[in-house]
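**Q** coordinates only, sequence not included:
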């Protein structure tokens, strides 16, 4: 079940709410201490946004940080670091992220870590999930489903490939209302959070994956708008094979195989 000292690796400020807001509440209700390490600032890099927004980039980053701090305060999370890394860079910087994870673990001494599932929702999530494999020998590692496009339709809080170890939290009406309130704290992400369900949360012990393959067949969530004929900043044009190559190269360097599991 849940640990007594839990460290959540948050790829973008808002993932702690999307993935596990109710789980955090239930863990804390049982006396757990819960920490969070934020591994990106949640905003696109300044040079990738529309030119007319670049002058407001610092304000956008500050706003997202303030939203994250408000959510952390409401959830009772203790921060162990806020990265200045832009979103969509985590999967490209796995060695640096791995070092940051080790430093966060050393700082708070958890007995359990939480992170997103390998489900194709976001390449940063998928890269972080792979790094979680490097801590399985020393800590309990749980993964939480957020969103995916398995079967060519939006799936929320549901793993593409169940392995029988899934645990589902059916949120009470009070928990649903609270999660909705927490999501509203991230006003800057309002348009991107309309897929989030509040009826359940789903987690399991970190599964074994074959990271040489995308998380599921067909179009992944982050690739579903890549038909756009120009480089729209809000569309992630990352190719799934790029993510698999980056993960494979780092796992090999770390002395870990790609795996032969679910995906």
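**A** The structure has been received and is ready for your questions. Here the structure is a predicted model, which is why all the values come from computation and not from measurement. Residues are numbered from 1 along each chain as shown.

**Q** quick check: mean pLDDT of whichever helix or strand residue 132 is part of?
**A** In the assignment (DSSP states H and E), residue 132 maps to helix 123-132. In this model, helix 123-132 has an average pLDDT of 98.

**Q** C-terminal to it, what's the next element?
**A** Helices and strands here follow DSSP H and E; after helix 123-132, the next one along the chain is strand 140-144.

**Q** after that next one, next one along is what?
**A** Counting by DSSP H and E, the next helix or strand C-terminal to strand 140-144 is strand 147-148.

**Q** got the contact list for the following helix or strand past that following strand?
**A** Scanning forward in sequence from strand 147-148 by DSSP H and E, the next helix or strand is strand 155-156. When contacts are defined by CB atoms under 8 Å, 6 or more residues apart in numbering, strand 155-156 is touched by residues 146-149, 195-197. All C-beta atoms are positioned from the backbone trio N, CA, C, and that covers glycine.

**Q** next: stretch 229-243.
**A** 44, 48-50, 88, 91, 120, 122-123, 126-127, 214, 220, 222-223, 225-226, 228.

**Q** which members of these occur in strands, if any?
**A** Secondary structure assignment by DSSP state E places none of the contacts of stretch 229-243 in strands.

**Q** thinking again about what came up before, PyMOL command for the buried members of the contacts of strand 155-156?
**A** Burial among the contacts of strand 155-156 is assessed by 16 or more other CB atoms under 10 Å; the matching PyMOL selection reads:
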select buried, resi 146+147+148+149+196+197
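
**Q** show me the contacts for the residue nearest to residue 119 when sequence neighbours are not counted.
**A** Nearest residue to residue 119, sequence neighbours excluded (CB to CB, 6 or more residues apart in numbering): residue 148, at 4.0 Å. By CB under 8 Å, 6+ apart, the contact list for residue 148 reads 117, 119-121, 155, 158, 160, 215-216, 220-221.

**Q** and what of residue 104?
**A** With CB under 8 Å, 6+ apart, residue 104 has these contacts: 7, 9, 35, 37, 80-81.

**Q** same check, this time on residue 7
**A** By CB under 8 Å, 6+ apart, the contact set of residue 7 is 35-37, 80, 104-105, 108, 110, 112-114.

**Q** could you redo the last one with a cut-off of 7 Å?
**A** 35, 37, 104-105, 108, 110, 113 (CB atoms under 7 Å, 6 or more residues apart in numbering).

**Q** just to be sure, residue 230 is in a helix?
**A** No: according to DSSP: H, G, I helix; E, B strand; the rest coil, residue 230 belongs to no helix; its state is coil.

**Q** can you report phi and psi for it?
**A** Backbone geometry at residue 230, expressed as degrees, to the nearest 10, gives phi -140, psi 160.

**Q** could you pull out the helices for the stretch 151-263 of the chain?
**A** 173-185, 240-253 (DSSP state H, counting those that start in this stretch).

**Q** put together TSV for these, with distance to residue 15, mean neighbour count and mean pLDDT on each row.
**A** TSV is the format used below for the helices of the stretch 151-263 of the chain (distance: least, CB to CB, whole Å; neighbours: other CB atoms under 10 Å; pLDDT from 0 to 100):
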stretch	distance to residue 15	mean neighbour count	mean pLDDT
helix 173-185	12	16	96
helix 240-253	17	17	95
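
**Q** looking at those, which is nearest to residue 207?
**A** helix 240-253 (14.7 Å; CB to CB).

**Q** can you get me a residue count around residue 61?
**A** For residue 61, the tally of surrounding residues (other CB atoms under 10 Å) stands at 17.

**Q** off-centre distance for the helix or strand it falls within?
**A** In the assignment (DSSP H and E), residue 61 maps to helix 57-75. Centroid displacement of helix 57-75 relative to its chain, using CA atoms, centre = their mean, to the nearest Å, is 16 Å.

**Q** and for stretch 111-120?
**A** 7 Å.
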